[in-house]
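Colleague: no sequence on this one, just coordinates:
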């Protein structure tokens, strides 16, 4: 059986799993229409793989998956109302600049522990600028469909090149599909949950 537990076990040894508990409503800022279509297509493909749903609007938040592209982290400070959604924005921008990071994801959770919203920030440095839009889109879509551990993809990325096409690694696709089994909980803190996912994989 594939060892699922490391994908949701944090560096401190804690097992933390969460999936979306509501339909995903994405919005992408800072890109042209062509790139926007690529991102929405990738998100839709991963959501379909999971057997989850998308929607036109979130009754509570409007959009609940927000993707921001920028050239410099300071640009985020000028985004209207973003600091109201993320009160820690100022401190976060400082940390991202200090770390010279080029991407970051923040999740919000509902009372049941399910993912309620996600914010994806992409700073288009030289490395990201060289990556094809479909690769960036599929990678980010895969990394927000579940709450993966902080080191899940530190050594092996979620994507692979098969027959000249960038695709989700088959085992990662299987984990996503199994994790959204309606019988399984939307959130878990016990590593035995990983065995239940593994048992549902091919």
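Modeller: Perfect, thanks for sending it. Since this is a predicted model, take the numbers as computed values, not measurements. Numbers count the residues shown, from 1 in each chain.
Colleague: now the strands for the protein?
Modeller: 17-18, 26-29, 65-70, 103-109, 115-123, 159-162, 165-168, 187-188 (DSSP state E).
Colleague: residue 46 is nearest to which of the ones you listed?
Modeller: strand 165-168 (7.5 Å; Cβ to Cβ). From N, CA and C alone the C-beta is placed, and that goes for glycine too.
Colleague: list the buried ones in that closest one?
Modeller: 166, 168 (16 or more other Cβ atoms under 10 Å).
Colleague: could you break the protein into its assigned domains?
Modeller: Domain ranges of the chain: 1-19+146-202, 21-131, per automatic domain parsing.
Colleague: need these in TSV (columns: distance to residue 140 and mean pLDDT).
Modeller: Shown next, in TSV, are the domains of the chain (distance: least, Cβ to Cβ, whole Å; pLDDT from 0 to 100):
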stretch	distance to residue 140	mean pLDDT
domain 1-19+146-202	10	95
domain 21-131	5	95
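Colleague: give me every residue that touches the residue nearest to the spatial centre of the chain.
Modeller: Nearest to the mean C-alpha position of the chain, counting by Cα atoms, centre = their mean, stands residue 144 at 1.4 Å. For residue 144, the contact set (Cβ atoms under 8 Å, 6 or more residues apart in numbering) comprises 65, 105, 107, 118, 120.
Colleague: related to what we said a few turns ago, mean neighbour count, the strands of the chain: which tops it?
Modeller: Sort the strands of the chain by mean neighbour count, taking mean count of other Cβ atoms under 10 Å, and strand 17-18 sits at the top with a mean of 24.
Colleague: please consider this matter closed, and thank you.
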